[in-house]
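[1] prediction below, plus the sequence it came from.
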Amino acid sequence: MRTILYIIQKESRQIFRNKGMLPLIFIMPLVQLIILSNAATFDVKNIKFSYVDNDKTTLSRALIEKFEASKFFNVVRDFPSEKLAKDAMQSGEVDVILEIPNHFERDLTKYKKTNLAVSINAIDGAAAGVENVYITQIVMGFNQSIRVDLLHDAALTDIRGKNMPLAITSIPSFWYNETLNYKTFMVPGILVLLVTMVTLFLSGMNIVREKEIGTLEQINVTPIRKHQFIIGKLFPFWVLGFVLLTIGLVIAKLLFNIPILGSLVLMYFFTSIYMLVVLGIGLFISNFTETQQQAMFIAWFFMVIFILMSGLFTPIESMPIWAQRITDYNPIKYYIQVMRMVMLKGAGIMDVLPQIIKTFAYAFIMNGLAVLSYKKTS
């Protein structure tokens, strides 16, 4: 035990002795958390909206005012012709073109129906789909208000005295994120990402650095046993993960007002298991690399795959079946699920028990492989 404590003391001093690494360990992740949480959003706002009003009537103007009042649309300009509007979309000046036909007001009041032409820049298919939903909602709201104006106070019966169908209104109730703030969804996931990246890269390059400077050979000829060396080497980074998590949770609460409904003890308990997975992967990578550059590139290769297939940015349910099967072996997926469930839903240990079991099994396997692959020669 004393040997392990000496190694931990040596590693801790080595971490804090490197003044150039301290900003990278503590300051850079926090800046990334603040920036990415504001930038990584799928909310579609400031849509560049334009229109071609061929009718120029009271109702056509009222429809345009609905878009002007929306917080999602930025009405750039109106065009006198469809050709000029499409040329503007071609050059990237506008994202949406609404074309109001001739006799729009007449057809709507006389025949109770008319058509609107909407052109949407769909290079980004996901954004175009959201824009289409926004447009549909505004048009439906406008249509409803026009019906009320035309019916006036005609009660709920038609001229034959038969009952008209009642309007059915849905009243949504948003659970766990009442304001639909995308940061509430993203901050826990980005916090997981930063904790993982820092600890994985540092642990992966730590032993490789000993190889590069030649001190690993000196350690190998000492009576220090394999498990003592590995525990002493990785323990400081295990603690460092908790420090980063703590600072991240404070920022999430104070700066982004992210609710923490569940148990902090449960979050730290799961983090303790998850960090074993990350450190095991880092040690495993370091055993098969000779330079820090090699270790960094290999770690980054796996990190990119883990991140993109973790459900951080896109729902796992939207992935192909084969991709969903692969995500079952992605440890970041389980950590993100647990953080969001505990922080936003107030989940208890029984709710996240499947993630705990799978992560513990992952930690056992990865650390077992890492220890077996580490060669201590004398």
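    Nice, thanks for sending it over. Values in this document were obtained by computation on a predicted structure and should not be read as measured data.

[2] please, where are all the strands along the stretch 101-250 of the chain?
    Shown for the stretch 101-250 of the chain, the strands assigned by DSSP state E, counting those that start in this stretch span residues 117-120.

[3] tell me where it has helices.
    Along the stretch 101-250 of the chain, the stretches classed as helices by DSSP state H, counting those that start in this stretch are 104-110, 125-151, 182-213, 215-220, 226-254.

[4] so which of those helices is the most surrounded?
    For the helices of the stretch 101-250 of the chain, average neighbour numbers computed from mean count of other Cβ atoms under 10 Å are highest in helix 182-213, which has a mean of 22. Using the backbone N, CA and C atoms, a C-beta is placed for each residue, glycine as well.

[5] for that helix, what is the distance to the chain centroid?
    16 Å (Cα atoms, centre = their mean, to the nearest Å).

[6] what helices and strands are in contact with it?
    helix 28-39, helix 215-220, helix 226-254, helix 264-287, helix 292-308, helix 331-340 (3 or more Cβ pairs under 8 Å, 6 or more residues apart in numbering; DSSP states H and E).

[7] and if we set it to 10 Å?
    helix 2-17, helix 28-39, helix 215-220, helix 226-254, helix 264-287, helix 292-308, helix 331-340 (3 or more Cβ pairs under 10 Å, 6 or more residues apart in numbering; DSSP states H and E).

[8] any idea which of those gets closest to Ile207?
    Smallest distance to Ile207 across these (Cβ to Cβ): 4.1 Å, for helix 264-287.

[9] for the closest one, which residues meet the burial criterion?
    Buried residues in helix 264-287, counting neighbours by 16 or more other Cβ atoms under 10 Å, are found at 266-267, 270-271, 273-287.

[10] so how far is it from its chain's centroid?
    With Cα atoms, centre = their mean as the basis, helix 264-287 stands 21 Å off its chain's centre.

[11] quick one, domains of this protein?
    Using automatic domain parsing, the domain parsing of the chain gives 2-41+182-373, 47-151.

[12] would you turn the ones you listed into a markdown table with distance to Trp175 and mean pLDDT?
    Formatted as a markdown table, the domains of the chain follow (distance: least, Cβ to Cβ, whole Å; pLDDT from 0 to 100):
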| stretch | distance to Trp175 | mean pLDDT |
| --- | --- | --- |
| domain 2-41+182-373 | 8 | 84 |
| domain 47-151 | 21 | 85 |
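
[13] now do the contacts for Asn132.
    Remark: with contacts taken as Cβ atoms under 10 Å, 6 or more residues apart in numbering, Asn132 is in contact with 96, 118, 120, 122.

[14] if you set the cut-off to 6 Å instead, what comes out?
    By Cβ atoms under 6 Å, 6 or more residues apart in numbering, the contact set of Asn132 is empty.

[15] ok, Leu279 next?
    Residues near Leu279 by Cβ under 6 Å, 6+ apart: 203, 234.

[16] now with 10 Å, please.
    Listed by Cβ under 10 Å, 6+ apart, the contact partners of Leu279 are 199-200, 202-204, 206, 230, 233-235, 237-238, 241, 363, 366-367, 370.

[17] hmm, Val352 is touching Gly262, no?
    Yes: the criterion here is Cβ atoms under 10 Å, and Val352 meets it with Gly262 at 9.0 Å.

[18] now do the shared contacts for these two.
    Shared contacts of Val352 and Gly262, counting by Cβ under 10 Å, 6+ apart, come down to 338-339, 341-342, 345.

[19] can I get the buried part of those residues as one PyMOL selection?
    Of the shared contacts of Val352 and Gly262, the buried ones can be selected in PyMOL as follows, counting by 16+ other Cβ under 10 Å:
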select buried, resi 338+339+341+342
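
[20] can you put the shared contacts of Val352 and Gly262 in CSV and add distance to Ser81?
    Formatted as CSV, the shared contacts of Val352 and Gly262 follow (distance: Cβ to Cβ, whole Å):
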residue, distance to Ser81
Val338, 56
Met339, 53
Met341, 54
Val342, 57
Lys345, 53
